[in-house]
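> Pasted the sequence and its predicted model underneath.
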Amino acid sequence: MKGLYENEMKLEFLSKSNNEAFARITVAAFAAQLDPTIEELADIKTAVSEAVTNSIIHGYENMEGKIKIIAKIFANTIEIEISDSGKGIENVEMARKPLYTSKPNLERSGMGFTIMESFMDEVHIESVIGLGTKITMKKVIEKQEEFENDKQLEIIGAE
């Protein structure tokens, strides 16, 4: 039986910083089947990059662990779930605040969640101390023909 989604991808890799680019590019390649604009693709890549970097730096700190990504496509929407089995987030609401960082000594900007929330349509964070964190993000990809039709209507309406 087919689920609600039209396509799905699963990826698991070690929490090494050089795997961040791999994760970002892999999710972008999967999202490409929705025919996103360059800007939409850049938004997805940036959000994935932030989530993976958070898992590496904050979730696992100086330990090595696994990061899992599950991406699903529903109609014109991509849902990306990034999870780790790291230390978890003590206060999710505090972590969501712009400029908050639990690692000021590493010169972190504290903008990770803010960036994810500004580039994606939805961001949900679940975290349990000692068990890890799961971030679920959704992005609706505007269909190009709909966008072009809207532009044509604007042009017609402007005359």
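Ah, there it is.
> what about the lengthiest helix in the chain, average pLDDT?
Of all the elements of type helix in the chain, the one with the most residues (DSSP state H) is helix 38-54. In this model, helix 38-54 has an average pLDDT of 96.
> any idea of the angle whichever helix or strand comes after that helix forms with helix 38-54?
Note on helix 38-54: by DSSP states H and E, the next helix or strand toward the C-terminus is strand 66-74. The directions of strand 66-74 and helix 38-54 differ by 150 degrees, with axes from the mean of the first three to the mean of the last three CA atoms, to 10 degrees as the criterion.
> right, and the helix or strand after strand 66-74?
Taking DSSP H and E as the definition, the helix or strand that follows strand 66-74 towards the C-terminus is strand 77-84.
> Listing partners with orientation, what would you give for that next one?
strand 66-74 (antiparallel), strand 132-140 (antiparallel) (DSSP bridges).
> Okay, now the unreliable bits of the protein?
Counting by pLDDT under 70, the ranges of the chain that qualify are 1-3, 98-110, 144-159.
> Repeat the analysis, applying 90 as the threshold.
Low-confidence segments of the chain, defined by pLDDT under 90: 1-5, 57-58, 61-62, 89-115, 142-159.
> which residues sit against stretch 78-85?
Residues outside stretch 78-85 that contact it (CB atoms under 8 Å, 6 or more residues apart in numbering): 5, 15, 23, 27, 30-31, 34, 44, 47-48, 51-52, 55, 59-60, 65-73, 131-139, 141. Where you see a C-beta, it was placed from the backbone N, CA and C, and this is true even at glycine.
> In the longest helix of the chain, which residues are buried?
Buried residues in helix 38-54, counted by 16 or more other CB atoms under 10 Å: 40-41, 43-54.
> again, but for stretch 21-30
If you call a residue buried by 16+ other CB under 10 Å, then stretch 21-30 has these buried ones: 23-24, 26-28, 30.
> re the thing from before, mind checking which of the contacts of stretch 78-85 are buried?
Members of those that pass the buried threshold by neighbour count (16+ other CB under 10 Å) are listed as 15, 23, 27, 30-31, 34, 44, 47-48, 51-52, 55, 59-60, 65, 67-73, 132-139, 141.
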